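*Asks:* this one's sequence-less:
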């Protein structure tokens, strides 16, 4: 159960950090992206610690890195068809 929760926290943290980046296509622009980025970093750190405690420390660390890379690779493909929040239907800003 600890591995599952830690993995989920790591993936959610990666999503938060990705969402806080200014040029992502996941909704309207944020007023204070540093809050979401900080929450994402805290979630990823908690996930790394949880995975290191549940698994061997090296295995937990590299499992967390693999999860973060998988999220950051998959999200651009999942959001590729969505228009930017500031674009109209023709793609003009």
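*Replies:* It's in. Since we're looking at a predicted model, the values are computed, not measured.

*Asks:* can you map out the strands along this protein?
*Replies:* According to DSSP state E, the chain carries no segments that qualify as strands.

*Asks:* run through it and note the low-pLDDT ranges.
*Replies:* 25-29, 82-93 (pLDDT under 70).

*Asks:* helices along that one, start to end?
*Replies:* Applying DSSP state H to the chain gives helices spanning 2-20, 33-54, 57-78.

*Asks:* name the residues that touch the second one?
*Replies:* Counting by C-beta atoms under 8 Å, 6 or more residues apart in numbering, helix 33-54 makes contact with 2-3, 5-22, 30, 59-61, 63-64, 67-68, all of which sit outside it. The C-beta positions use only the backbone N, C-alpha and C, and glycine is treated the same way.

*Asks:* and those residues, which of them are buried?
*Replies:* 6-7, 9-20, 30, 60, 63-64, 67-68 (16 or more other C-beta atoms under 10 Å).

*Asks:* please tell me how far residue 16 sits from residue 57.
*Replies:* 24 Å (C-beta to C-beta, to the nearest Å).

*Asks:* could you do residue 69 as well?
*Replies:* Taken as C-beta to C-beta, the span from residue 69 to residue 57 is 19 Å.
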